[in-house]
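# sequence below, structure please.
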Amino acid sequence: MPNPLLAPEPAGGKTPDGRPRMSDPAADLAAYLLASPSERLAPPPPLVTADLDALARSHLVKRFTDTEVGSLLAGGVLAPRGGDLGDAVELAAPAGVEAKLRYVGRRTIRKRGCAGCHDIPGFEDAQPIGPALADWGRKQESLLGFEQVERFLEEHPPRETLDGSAADRDFYLATISGKRREGFAWQKLRAPRSFDYKVAEQKEFNEQLTMGQFSFSPDEREAIVTFLLGLVADPPAPRYVHAPDRRGGAVIEGRKVLDRYGCAECHALRMEHWSFSYDPSSWYGATAAAAYDFVQPKFTEDEIARSLRRDRRGWGHAEVVGEGRVDRSGELIVDEDDEGNPLYVFSLWEPALINGEVWPVSGAGADLRAADHGAARGLGRRVAMLYPRGGRGRRCLDGGLGPGAAAPGWRGPASPARLALQLLAVAGDDPALVDHADAPISAFARRGSRTG
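Below you'll find the predicted structure:
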């Protein structure tokens, strides 16, 4: 955790007893957290001693004889098996309920592999709970145990919102039917318990599968599957090894630092980006904003050439970084073209290169049909908490968001002074400050012709 710089500072004046008045942010935060109302949890069910003994026994029988297990549960033994009790040291005499709970807790930590991610004293020798993956990409597919997966998928088919596009779902379902690695890895990541579906209840506790359920997006899941397929024990051929240039290497190393220190928890590292396609024959060009040449966005010849590439249909493709316009209720404005495809109205956050032309942040606009939406990376929890309050301040000014208005908090690059006004306005819910802070930003305006 970085130093939050919360040292006490003089606040001016003196206390009633004559001491200098101090501002202590750490104490203020602690007082706020302790005073916050918490959810009242239902009391836990009463402990059933017989169930606790049965659970402890299921772990002990793997290492001790029945006589030793009975002795440990009854009152503890001092030195079975040469004195090496392992986790059962918790059950050394006297072995009461608390000792049994500690033992079961230690065994559960080992069973679930908690020490794989967390540094837990006493578990330095903990073994991984999963198989080695060093050469998983070459593992014989006949050795992959799909078990109850197809039965699970019959009753719980993949869903579009959670499992990717229809084409992706069809591909992975086909690889599962063909008992291929791609399908095995995909299903393991999306539903690890599906492999012992409807049979887990017949298994002993310690025989059930242990892989946890992770909340991966479809893209994250596919990236992991691709990585696993590349684990073939041998290093890849040099031509397949990514060798970034100096700038690209710096970006990679910089991202590692950002991830290490959790910079995205406070800062927005990348705003939302939208990919779209268009028909060049009906595309309206950009209108240059009035500005000095040295502040105009610059693109290289290669970037301009890439923006002029066409697919097999003769259509172009581009990506914009920004945020969609919202209506009075705060919902994203979505229109339709002549073919019923969705159209969005955007505010640009970064200059865009579309059809070989530069669209500056303050330039003219157009309707766009987005084909793919990339979420913001690292919007920042502080920013996310401020947005709703900023929205209330804006509504105090004009009675609501007008059609086509940018959503509160969705603002373009700001000067330090303007940013300070925005933060003050949101923190204090002061509509007057919001008014001064909310400098207008040109949006993509609607044009006469619908584009692809």
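# residue 71 belongs to a helix?
Yes: counting by DSSP: H, G, I helix; E, B strand; the rest coil, residue 71 is found in a helix.
# residue ranges for the helices of this protein, please.
For the chain, the helices defined by DSSP state H occupy 25-35, 49-60, 66-74, 97-111, 149-155, 160-163, 166-177, 181-190, 218-229, 246-260, 301-307, 381-398, 416-428, 431-437.
# residue 9: which of these is closest?
Nearest of the helices of the chain to residue 9, taken as C-beta to C-beta: helix 25-35 at 8.2 Å. (Each C-beta comes from the backbone N, C-alpha and C, glycine too.)
# which ones are touching the residue lying closest to residue 280 once chain neighbours are set aside?
Leaving aside its chain neighbours, residue 280 sits nearest to residue 316 (5.5 Å; criterion: C-beta to C-beta, 6 or more residues apart in numbering). Counting by C-beta atoms under 8 Å, 6 or more residues apart in numbering, residue 316 makes contact with 277, 278, 280, 283, 307, 308, 309, 310, 354, 355.
# need the pLDDT of residue 84.
On the pLDDT scale, residue 84 is placed at 65.
# my error: substitute residue 325 in the last question.
For residue 325, the model assigns a pLDDT of 72.
# isn't it up against residue 332?
Yes: the criterion here is C-beta atoms under 8 Å, and residue 325 meets it with residue 332 at 7.5 Å.
# anything in contact with each of those two?
residue 344.
# looking at the two, which one has more neighbours?
Just comparing residue 325 and residue 332: by other C-beta atoms under 10 Å the higher neighbour count belongs to residue 325, 24 against 13.
# phi and psi next, for that one.
phi -80, psi 160 (degrees, to the nearest 10).
# measure the closest residue to it other than its chain neighbours to residue 21 for me?
Closest residue to residue 325 apart from its sequence neighbours, by C-beta to C-beta, 6+ apart: residue 345 at 4.3 Å. Counting by C-beta to C-beta, to the nearest Å, the gap from residue 345 to residue 21 is 52 Å.
# again with residue 42
44 Å.
# the two: which has the busier surroundings?
Using other C-beta under 10 Å, the more surrounded residue of residue 42 and residue 21 is residue 21, with 11 against 5.
# residues contacting the more buried one?
So residue 21 contacts 10, 11, 12, 13, 14, 15 (C-beta under 8 Å, 6+ apart).
# just for the chain, where's the confidence low?
Residue ranges of the chain with pLDDT under 70: 1-4, 76-84, 93-95, 286-291, 337, 341, 346, 362-452.
# try 50 this time
The chain contains residues with pLDDT under 50 at 80, 363-367, 370-372, 381-452.
# any idea what the residue nearest to residue 280 is bridged to?
Judged by DSSP bridges, the bridge partners of residue 316 are residue 278.
# once you drop chain neighbours, what's closest to residue 344?
Nearest non-adjacent residue to residue 344 (C-beta to C-beta, 6+ apart): residue 324, at 4.8 Å.
# and the one you found, how far from residue 331?
10 Å.
# next: residue 204.
52 Å.
# who has more neighbours, those two?
Between residue 204 and residue 331, counted using other C-beta under 10 Å, residue 331 has the larger neighbour count: 11 against 8.
# which among the contacts of residue 316 count as buried?
277, 278, 283, 307, 354, 355 (16 or more other C-beta atoms under 10 Å).
# of the residues you listed, which is the nearest to residue 118?
So of those, ranked by how close each gets to residue 118 (C-beta to C-beta), first place is residue 277, at 45.8 Å.
# measure residue 253 to residue 260 for me?
11 Å.
# more neighbours: which of these two?
Using other C-beta under 10 Å, the more surrounded residue of residue 253 and residue 260 is residue 253, with 11 against 8.
# residues touching the nearest residue to residue 233 once chain neighbours are set aside, list them.
Of all residues not flanking residue 233 in the chain, residue 135 sits nearest, at 3.7 Å (C-beta to C-beta, 6+ apart). Residue 135 is in contact with 231, 232, 233, counting by C-beta under 8 Å, 6+ apart.
# residue 264: which of the residues you listed is nearest?
Nearest member of the contacts of residue 135 to residue 264, counting by C-beta to C-beta, is residue 231, at 28.2 Å.
# distance of the closest one from residue 72?
From residue 231 to residue 72 the distance is 42 Å (C-beta to C-beta).
# of those two, which one has the most company?
Neighbours per residue, other C-beta under 10 Å: of residue 231 and residue 72, the larger number sits with residue 72, 25 against 15.
# I'd say the more buried one and residue 91 touch.
Yes: applying C-beta under 8 Å, one finds residue 72 in contact with residue 91, separated by 4.6 Å.
# close enough to count as contact, residue 196 and residue 207?
No: using C-beta under 8 Å, residue 196 is not in contact with residue 207; the gap is 9.1 Å.
# of the two, who's got more company?
residue 196 (19 against 11).
# who are the contact partners of the more buried one?
With C-beta under 8 Å, 6+ apart, residue 196 has these contacts: 147, 148, 203, 208, 209.
# now the buried members of the residues you listed.
By 16+ other C-beta under 10 Å, the contacts of residue 196 give residue 148 as buried.
# distance of residue 298 from residue 108?
Residue 298 is 59 Å from residue 108, where distance means C-beta to C-beta.
# higher neighbour count, these two?
Neighbours per residue, other C-beta under 10 Å: of residue 298 and residue 108, the larger number sits with residue 108, 13 against 10.
# how close does the more buried one get to residue 194?
Residue 108 sits 23 Å away from residue 194, taking C-beta to C-beta as the criterion.
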